[in-house]
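Colleague: The sequence isn't on hand, but the structure is:
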């Protein structure tokens, strides 16, 4: 199906950032990526510059402050480019979108790609400050993880959009660093997003205050219930639960 | 000039053609729906919104997990401050959860009529196999806006020790 349909990044405003850092925050476990990305847009007052055009997306537009926006969007602040979404990325769109993002990042001569997400922690209720883990596509992304003291995930399984981005990043020679915070599996987790953003702040050398995020945590949890429910359905279909299984490798 | 009466075969032909056209429409519609639901499954299927305007309540997200000994239900209740504001009941194979939200939730700028609504509590009914549960031993905890209900299963069978 993916070969039949196209996925394209459309730039509505010129993106002339030199050696940009591309950040991806999409709906996934605990909506950590989406919550982090939305907070970055608000806190850093990032500018809307483009969107993802695809037959694989539903025919919809979002209205915000009387302006219309497509569901999967691109934002910019200086040399930081951010891709985020208001809807789950369907299983048919994961591969072509990952391919398109990496090709686009390469054409932009991007320094690296950072993906923001969560990793289900069964004991999340007992954790006050979620820890962040990293998965990286190559040595230079690994050095980046080391710089911000991210604990590398030594063994495990990655399923979904970020797995595809790591794969294509390595093939195309664009370093990809995935940050995963311990998170609730099926509930929106602003606390995990705050942990991720503290690490992003160090990595991109831009202060991102999470004060407002922590203050609005309950409101965010309430307002993101529907997106969480839909994302959960998608994640179950792509076999996300495998991330909790012990991988057979090296046994 | 009188019109020629149509034969029974011509009548049958016309009926058959009409039926065929109907089938074609149905086939196209089914095909369209299958393609749509495959392309963007979670947006084309009819998931109902997690709020009820008539009851002025929100539906919480929940998770249910069954082990050998118990059924564990967790419910996300952001905005609920105290365990005293939560009521949990079991009746007719349903776990019924109702909770008061401390500060009623408003979606001030969203939608047309919804913008005036204030949601003051959560309500959720979750189906459970009541006959398998040891109701006397059921317990619940509430921490950081997450309710956890443990429903122990009645012990069945007999353990045989190995000599």
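Modeller: Now that the structure is in, tell me what you want to look at. This one's a predicted model, so the numbers in the text were calculated from it and none came from an experiment. Numbering: from 1, shown residues only, chains lettered A, B, ... in the order given.
Colleague: And residue 1, what's its pLDDT?
Modeller: I went with chain A, as the question did not name one. Predicted confidence (pLDDT) for residue A:1: 45.
Colleague: actually it's chain B I care about, not the one you picked
Modeller: Per-residue pLDDT puts residue B:1 at 56.
Colleague: What segments of chain B are helices?
Modeller: Secondary structure of chain B (DSSP state H): helices at B:8-39, B:41-44.
Colleague: Report all helices and strands that the first one contacts.
Modeller: Looking back up the chat, that one is helix B:8-39. In terms of contacts (3 or more CB pairs under 8 Å, 6 or more residues apart in numbering or on different chains; DSSP states H and E), helix B:8-39 is packed against helix B:41-44. C-beta coordinates here come from the backbone N, C-alpha and C atoms, glycine included.
Colleague: how about the nearest residue to residue B:71 once chain neighbours are set aside, what does it touch?
Modeller: Nearest non-adjacent residue to residue B:71, counting by CB to CB, 6 or more residues apart in numbering or on different chains: residue B:151, 4.4 Å away. The contact partners of residue B:151, by CB atoms under 8 Å, 6 or more residues apart in numbering or on different chains, come to B:70, B:71, B:72, B:73, B:95, B:128, B:133, B:134, B:135, B:138.
Colleague: is it true that the second one touches residue B:134?
Modeller: No - at 10.7 Å, residue B:71 does not count as touching residue B:134 under the criterion of CB atoms under 8 Å.
Colleague: okay, and the common contacts of these two?
Modeller: Listed as contacting both residue B:71 and residue B:134 by CB under 8 Å, 6+ apart are B:151, B:153.
Colleague: Surely residue A:148 touches residue A:199?
Modeller: Yes - if you go by CB under 8 Å, residue A:148 and residue A:199 touch, sitting 5.2 Å apart.
Colleague: Between those two, which has more neighbouring residues?
Modeller: With neighbours defined as other CB atoms under 10 Å in any protein chain shown, residue A:148 and residue A:199 compare such that residue A:199 has more, 22 against 17.
Colleague: How is chain B partitioned into domains?
Modeller: Domain assignment for chain B by automatic domain parsing gives B:7-39, B:47-152.
Colleague: hang on, the earlier thing: and residue B:71 and residue B:134? which has more neighbours close in?
Modeller: A direct count of neighbours by other CB under 10 Å for residue B:71 and residue B:134 places residue B:71 higher, at 20 against 13.
Colleague: Now do the more buried one against chain A, distance only.
Modeller: Going from residue B:71 to chain A by CB to the nearest CB, to the nearest Å gives 16 Å.
Colleague: Contact residues of chain A facing chain B?
Modeller: By CB under 8 Å from any CB of the partner chain, the residues of chain A that approach chain B are A:1, A:5, A:55-58, A:60, A:65, A:87-88, A:90-92, A:125, A:184-188, A:217-219, A:221-223, A:225-226, A:228-231, A:233-234, A:237.
Colleague: Just those: which are in strands?
Modeller: Counting by DSSP state E, no part of the residues of chain A next to chain B is found in strands.
Colleague: Whichever of those end up buried, select them in ChimeraX.
Modeller: Only the buried members of the residues of chain A next to chain B enter the following ChimeraX selection, criterion being 16 or more other CB atoms under 10 Å in any protein chain shown:
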select /A:56,57,87,88,90,91,92,184,185,186,187,188,217,218,221,222,225,228,229,230,231,234
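Colleague: just the strands in chain B please.
Modeller: Under the criterion DSSP E, chain B carries strands at the ranges B:51-52, B:57-58, B:62-66, B:70-76, B:86-91, B:94-106, B:118-127, B:139-143, B:146-152.
Colleague: Show me the one of those strands that comes nearest residue A:99.
Modeller: For these, the distance to residue A:99 is smallest for strand B:62-66, at 33.2 Å, taking CB to CB.
Colleague: Give me the angle between the closest one and strand B:118-127.
Modeller: Relative orientation of strand B:62-66 and strand B:118-127, computed by axes from the mean of the first three to the mean of the last three CA atoms, to 10 degrees: 20 degrees.
Colleague: got the buried residues for strand B:62-66?
Modeller: Result for strand B:62-66 [16+ other CB under 10 Å]: buried residues B:62, B:63.
Colleague: Please apply the same query to stretch B:146-160.
Modeller: Residues B:146, B:147, B:149, B:150, B:151, B:152, B:153 are the ones in stretch B:146-160 that count as buried (16+ other CB under 10 Å).
Colleague: any idea how far the second one is from chain A?
Modeller: Yep, that's residue B:147 we're talking about. Distance of residue B:147 to chain A, given as CB to the nearest CB: 10 Å.
Colleague: Now do that residue, the pLDDT please.
Modeller: Residue B:147 is assigned a pLDDT of 97 by the prediction.
Colleague: how far does stretch A:161-173 sit from the chain's center?
Modeller: Relative to the centre of its chain, stretch A:161-173 is centred 13 Å away, using CA atoms, centre = their mean, to the nearest Å.
Colleague: For the host helix or strand of residue A:34, which residues meet the burial criterion?
Modeller: Using DSSP states H and E, residue A:34 sits in helix A:32-43. Buried residues in helix A:32-43, defined by neighbour count with 16+ other CB under 10 Å: A:32, A:33, A:34, A:35, A:36, A:37, A:38, A:39, A:40, A:41, A:43.
Colleague: hang on, isn't the second one packed against residue A:114?
Modeller: Okay, so that is residue A:33. No - if you go by CB under 8 Å, residue A:33 and residue A:114 don't touch, sitting 10.6 Å apart.
Colleague: Pull up the overlap in contacts between these two.
Modeller: Residues touching both residue A:33 and residue A:114 (CB under 8 Å, 6+ apart): residue A:24.
Colleague: Confirm for me that residue A:142 is in contact with residue A:136.
Modeller: Yes - using CB under 8 Å, residue A:142 is in contact with residue A:136, at 4.5 Å.
Colleague: what residues are up against residue A:175?
Modeller: Residue A:175 neighbours (CB under 8 Å, 6+ apart): A:111, A:112, A:113, A:136, A:137, A:138, A:140, A:141, A:144, A:169.
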